[in-house]
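J.: What shape does this take:
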Amino acid sequence: MHLLIDFLPLVAFLVAYVLGGIYVATAALMVGCALQIGVHWWRTRTVKPIHGITAVLALIFGTATLLLHDPRFIQWKVSVLMWLLALAFLGSQFIGRQPFAQRLLESSLAEQLGPVSARRWIWINVAWVLFFLAVGALNLYIARTFPDRWPYFKGLGVPGLSVLFMFAQLLWLPLRAPDESPRLDEPKS
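T.: Next comes the predicted model:
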């Protein structure tokens, strides 16, 4: 059920694009984001930060797209989201006890990963920053160069690249022997 809720706006966008074009897809994305937040709130009485940020960006850029009848605004949303994520991941290295990459991967895969050094988590976090910056730039390139293919990149390419990037890290992490530097969440002596 969580997976369905997480991908609801994306599926709504792609189906609406195939059936009605970019403006119908933009409206479907906006409605899908609102429904996603509503369903999640109804089930948990919370809103995931990523859902909230995505919904706000979809509403802002979607409204601009529909009012100005210009698809460039909704195309920019993906890049803005990616670059905000890059900024958040970069900031997490300096604020808080752990970088976001460590919080993301370690919380669900601690047993499979074994000990991972603080230095390695920082490098992984930097890799995520670079990944988000690159995907944001690639999104703009595809939107400008292949505007009729961009919806498929948004709906299939961005999630696919994210899964491949995470999978590559999950394969790489266990192969690395832990080094002796302390973990970020361990107190210093």
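J.: Toward the C-terminus from whichever strand or helix holds L130, list the very next helix or strand.
T.: Secondary structure from DSSP states H and E places L130 in helix 118-145. Following helix 118-145 in sequence order, the next helix or strand is helix 150-152 (DSSP H and E).
J.: For that following helix, buried residues please.
T.: If you call a residue buried by 16 or more other Cβ atoms under 10 Å, then helix 150-152 has these buried ones: 150-151. Where you see a C-beta, it was placed from the backbone N, CA and C, and this is true even at glycine.
J.: So what's the gap between whichever helix or strand comes after that helix and the chain middle?
T.: Note on helix 150-152: by DSSP H and E, the next helix or strand toward the C-terminus is helix 158-175. Relative to its parent chain, helix 158-175 has a centroid offset of 13 Å by Cα atoms, centre = their mean, to the nearest Å.
J.: Just say helix, strand or coil for V116.
T.: With DSSP: H, G, I helix; E, B strand; the rest coil as the basis, V116 sits in coil.
J.: so it sits right up against P99, yeah?
T.: No - taking Cβ atoms under 8 Å as the definition, V116 is not a contact partner of P99, at 11.3 Å.
J.: neighbour count winner among those two?
T.: Taking other Cβ atoms under 10 Å, V116 and P99 do not tie; P99 has more neighbours (25 against 21).
J.: Quick check: phi and psi on that one?
T.: phi -70, psi 160 (degrees, to the nearest 10).
J.: Quick check: the gap between it and S117.
T.: Applying Cβ to Cβ, to the nearest Å, the value for P99 to S117 is 12 Å.
J.: Likewise for V126?
T.: 14 Å.
J.: give me the low-pLDDT residue ranges for this protein?
T.: 1, 107-114, 174-189 (pLDDT under 70).
J.: Break it into its domains for me.
T.: 1-70, 73-178 (automatic domain parsing).
J.: pull the CA atoms of stretch 140-156 into PDB?
T.: Only the C-alpha atoms of stretch 140-156 are listed here, as PDB (Å, rounded to 0.1, in the frame of the first residue of the first chain):
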ATOM      1  CA  LEU A 140      16.600  20.200 -18.100                       C
ATOM      2  CA  TYR A 141      18.500  18.800 -21.000                       C
ATOM      3  CA  ILE A 142      15.900  16.300 -21.900                       C
ATOM      4  CA  ALA A 143      13.000  18.800 -21.400                       C
ATOM      5  CA  ARG A 144      14.700  21.200 -23.800                       C
ATOM      6  CA  THR A 145      16.000  18.700 -26.300                       C
ATOM      7  CA  PHE A 146      13.200  16.100 -26.300                       C
ATOM      8  CA  PRO A 147      10.100  17.700 -24.900                       C
ATOM      9  CA  ASP A 148       7.800  15.000 -26.200                       C
ATOM     10  CA  ARG A 149       9.900  12.400 -24.400                       C
ATOM     11  CA  TRP A 150      10.400  14.300 -21.200                       C
ATOM     12  CA  PRO A 151       7.200  13.000 -19.500                       C
ATOM     13  CA  TYR A 152       8.600   9.400 -19.800                       C
ATOM     14  CA  PHE A 153      11.900  10.500 -18.400                       C
ATOM     15  CA  LYS A 154      10.100  12.200 -15.400                       C
ATOM     16  CA  GLY A 155       7.900   9.100 -14.800                       C
ATOM     17  CA  LEU A 156      10.200   6.300 -15.600                       C
END
